[in-house]
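**Q** sequence and computational prediction follow.
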Amino acid sequence: MLNTARVALPAPVEGRLKRASEFVDNISDFVRDDLIGFRRPLAATFAFTAPIFLAFMFYVGGVEALAKWGALYAFVAGVGLFLVGRQLWPSLVDEFERRTEEKRKAIADLRCGFGEASFVSLARAPFFIEHPHGVLVLADAGDFRTLFFSIDKDEDDPRWPLYVNGELQRRVWRWLRLPVSREIVKFSTEGSKLAGLGAPPTIDSIDVWETVNVALGEPLDGAVIHRPFDEIVDMIDRMARF
């Protein structure tokens with residue numbers, strides 16, 4: 001059976017959300033900080049070598065050499081940062097938009113001030129469907145309901161290592177998700193391992209993937225589908241193996 005309750009946000013999660021909520025609002029500030037904030041190798045190289053170079057020029061040629069070569073060094077550094085910035089601009093814009101969206105969700109999650117802690121004790125093994133970017137997970141939530149997870153092949157997702165190591169076969173699952181972004185920030189398993197349903201089917205075709213997703217009702221990660229587990233497993237298994 002699936003049970004969900006509101007709980008206080010753990011301190012590490014709340015701290016991460018606060019850091020995300022403090023992201024800058026202006027893309028110019030973000031780009032400037034990225035390019036001259038020692039985050040890029042070129043900027044870091046110029047920043048750390050400039051004092052050594054200028055000190056050497058002053059030692060060799062005095063103030064006149066320092067002014068001449070200092071201006072040239074600054075010009076080369078400026079041109080280098082301009083060229084690097086122009087090349088990196090599309091990726092910087094994408095990163096800014098992504099982090100801005102994370103900031104918006106973090107602020108909303110912090111305003112809610114709680115998380116959703118869920119617990120399910122499985123009576124039988126979950127059903128897995130692998131695809132090139134991760135795995136879909138279906139589990140019997142009881143009362144003719146099916147729990148759905150879409151797990152990306154990403155080490156930052158706490159569920160992926162559990163799947164790889166076979167830990168999602170365990171009887172008890174516990175997880176914590178945020179109320180607005182719906183991000184799952186903690187996931188753990190415990191109890192004995194359940195007998196598996198055999199080798200999971202694999203979806204390689206985008207057409208099959210879209211068919212499966214539509215057949216499920218295009219659920220979000222962590223959604224509860226109000227259809228019996230056996231019915232969904234049979235349907236998806238036929239589609240995936242077709």
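**A** Okay, I see it. Numbers count the residues shown, from 1 in each chain.

**Q** pLDDT of stretch 176-194, averaged?
**A** Computed over stretch 176-194, the mean pLDDT rounds to 92.

**Q** could you check how far it is from the centre of its chain?
**A** The chain centroid and the centroid of stretch 176-194 are separated by 15 Å under Cα atoms, centre = their mean, to the nearest Å.

**Q** likewise stretch 184-204?
**A** 20 Å.

**Q** next, Thr189: phi, psi?
**A** Main-chain dihedrals, Thr189, degrees, to the nearest 10: phi -130, psi 160.

**Q** name the nearest residue to it, ignoring sequence neighbours.
**A** Arg170 (4.0 Å; Cβ to Cβ, 6 or more residues apart in numbering). All C-beta atoms are positioned from the backbone trio N, CA, C, and that covers glycine.

**Q** pLDDT score for that neighbour?
**A** 94.

**Q** the residue positioned nearest the centre of the chain: what secondary structure?
**A** By Cα atoms, centre = their mean, the chain has its centre lying nearest to Asp156, at 6.1 Å. Of the three states, Asp156 takes coil under DSSP: H, G, I helix; E, B strand; the rest coil.

**Q** so for the host helix or strand of Ala20, what's the average pLDDT?
**A** Ala20 is part of helix 11-21 when elements are defined by DSSP states H and E. For helix 11-21, the mean pLDDT works out to 92.

**Q** packing partners for it?
**A** Helix 11-21 is packed against helix 41-112, with contacts defined by 3 or more Cβ pairs under 8 Å, 6 or more residues apart in numbering; DSSP states H and E.

**Q** what sits up against the helix or strand following the helix it packs on?
**A** As assigned by DSSP H and E, the chain's next helix or strand after helix 41-112 is strand 115-121. The contact list for strand 115-121, computed with Cβ atoms under 8 Å, 6 or more residues apart in numbering, reads 1-10, 13, 139, 141, 147, 171-179, 185, 191.

**Q** redo that, cut-off 10 Å
**A** Strand 115-121 is contacted by residues 1-10, 13-14, 109, 126, 139-142, 147, 171-179, 182-187, 190-191, 222, 224 when judged by Cβ atoms under 10 Å, 6 or more residues apart in numbering.

**Q** and the helix or strand following it, what other elements does it pack with?
**A** The first helix or strand that comes after strand 115-121 along the chain, using DSSP H and E, is strand 127-131. Other helices and strands packing on strand 127-131, by 3 or more Cβ pairs under 10 Å, 6 or more residues apart in numbering; DSSP states H and E, are strand 134-142, strand 145-152, helix 206-215, helix 229-241.
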